[in-house]
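Colleague: Provided below for reference: sequence and predicted model.
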Amino acid sequence: MSILTENLASTLVVIGVVALALEVVVFGFSVFILFLLGLACIVSGALIWTTLLPDTAGVAFSLVAFFTAVFAVTLWKPLKKMQNSGITHEVKGDFIGHSFVLPTDCSLTQASTHRMSGVDWKVHSKHPLAAGTMVQVIKVDVGELTVVAK
């Protein structure tokens with residue numbers, strides 16, 4: 001434990017780099033607290049390393065807490081905006097284009113069911129379809145298939 005306190009600046013920088021690596025590699029930049037904490041540790045370690053501040057545990061904890069709060073206030077909105085700026089697109093799955101015979105009547109308001117891959121899927125159609133119609137999947141949502149007559 002003494003090696004960590006004797007090299008407090010280096011320890012803070014290493015902790016910061018590890019926190020940043022965890023944030024990016026493991027969590028995919030979705031948990032901002034590790035990013036903010038990592039930046040705060042690196043900045044605090046750099047300030048202690050330059051001997052601008054004393055290398056005591058109390059100063060180190062205070063600096064990390066202060067810089068984490070400052071970074072959280074200043075970077076929260078830009079990081080949140082960056083996270084939400086992803087382009088959404090429909091997923092093209094293996095079920096798109098799958099054909100089957102409709103077991104019961106189906107329409108936009110009346111759902112049918114179809115068992116596929118061990119799952120009972122709700123089947124919807126924009127137009128009324130009678131039971132026994134050969135249909136093809138055009139859209140897949142969670143637990144739901146949208147079909148058209150083939």
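Modeller: Looks like it arrived, so ask away. Numbers count the residues shown, from 1 in each chain.

Colleague: drop to CA atoms for contacts and neighbour counts, all remaining ones
Modeller: Noted.

Colleague: can you give me the strands for this protein?
Modeller: Secondary structure of the chain (DSSP state E): strands at 99-101, 112-116, 119-125, 134-141, 144-149.

Colleague: for the longest helix seen in the chain, what is the average pLDDT?
Modeller: In the chain, taking DSSP state H as the definition, the longest helix is helix 57-84. Across helix 57-84, pLDDT averages out at 91.

Colleague: quick one: buried residues of that helix?
Modeller: 60, 63-64, 67-68, 71-72 (16 or more other Cα atoms under 10 Å).

Colleague: for the chain, which residue is closest to the average position?
Modeller: Nearest to the geometric centre of the chain sits Ser30, at 5.1 Å (Cα atoms, centre = their mean).

Colleague: Which residues are in contact with it?
Modeller: By Cα atoms under 8 Å, 6 or more residues apart in numbering, the contact set of Ser30 is 23, 83.

Colleague: And the one 4 residues further on, by the same measure?
Modeller: Remark: with contacts taken as Cα under 8 Å, 6+ apart, Leu34 is in contact with 19-20, 22-23.

Colleague: What about these, which one has the most neighbours?
Modeller: Leu20 (23 neighbours; other Cα atoms under 10 Å).

Colleague: isn't that residue right up against Gly38?
Modeller: Yes - between Leu20 and Gly38 a contact is recorded at 5.3 Å, counting by Cα atoms under 8 Å.

Colleague: Show me the domain layout of the protein.
Modeller: Under the assignment automatic domain parsing, the domains of the chain span 2-84, 99-149.
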